[in-house]
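just the structure for this:
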Amino acid sequence: MTSTLTGPGEPGRTPEAGTGAAPSSTAANEAIRRFVAGRTVWSKEALAELDRLRGQWQRAVRAEMVKAA
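Numbers count the residues shown, from 1 in each chain. A predicted model of the protein is given here:
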């Protein structure tokens with residue numbers, strides 16, 4: 001199941017999350033930017049989602065670096 005970011009405090013799942021396809025680093029970075037935009041209060045759940053998104057971005061960057069090498 002995928003969802004989109006609809007406002008502060010809600011999960012910011014990327015469209016790729018439900019397909020099994022790894023997002024590009026650009027797409028992962030954009031997902032992080034959308035998720036953090038306008039936030040001033042961070043719940044434990046929101047921080048966990050941010051951590052998940054950052055991990056997804058890190059994996060995408062690594063994969064792109066390996067592919068380029």
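
which parts of the protein are strands?
Ranges of strands in the chain, per DSSP state E: none exist.

where does it dip in pLDDT?
Within the chain, the stretches with pLDDT under 70 are 1-20.

spatially central, which residue of it would that be?
Geometric centre of the chain, nearest residue: residue 53, 3.1 Å, by CA atoms, centre = their mean.

so that one touches residue 34, yeah?
No: judged on CB atoms under 8 Å, residue 53 makes no contact with residue 34 at a distance of 9.4 Å. Quick note: C-beta positions are derived from backbone N, CA and C, even for glycine.

what's the burial count for residue 65?
10 (other CB atoms under 10 Å).

equivalent analysis for residue 55, please.
The burial count for residue 55: 11, using other CB under 10 Å.

residue 32 versus that one, what's the distance?
Distance of residue 55 to residue 32, computed by CB to CB, to the nearest Å: 11 Å.

what about the helices in this structure?
Ranges of helices in the chain, per DSSP state H, are 25-36, 44-68.

got a list of what residue 36 touches?
residue 50 (CB atoms under 8 Å, 6 or more residues apart in numbering).

which non-adjacent residue is nearest the residue nearest to the centre of the chain?
Nearest residue to residue 53, sequence neighbours excluded (CB to CB, 6 or more residues apart in numbering): residue 32, at 4.9 Å.

for that neighbour, give its distance to residue 69.
Using CB to CB, residue 32 is found at 25 Å from residue 69.

looking at the two, which one has more neighbours?
Remark: of residue 32 and residue 69, residue 32 carries more neighbours, 17 against 5, as counted by other CB under 10 Å.

residues in contact with that one?
Counted by CB under 8 Å, 6+ apart, residue 32 has contacts 12, 50, 53-54, 57.

was I right about residue 23 contacting residue 31?
Yes: counting by CB under 8 Å, residue 23 touches residue 31, with 7.1 Å between them.

out of those two, which sits in the more crowded spot?
A direct count of neighbours by other CB under 10 Å for residue 23 and residue 31 places residue 31 higher, at 25 against 21.

great, nothing more from me.
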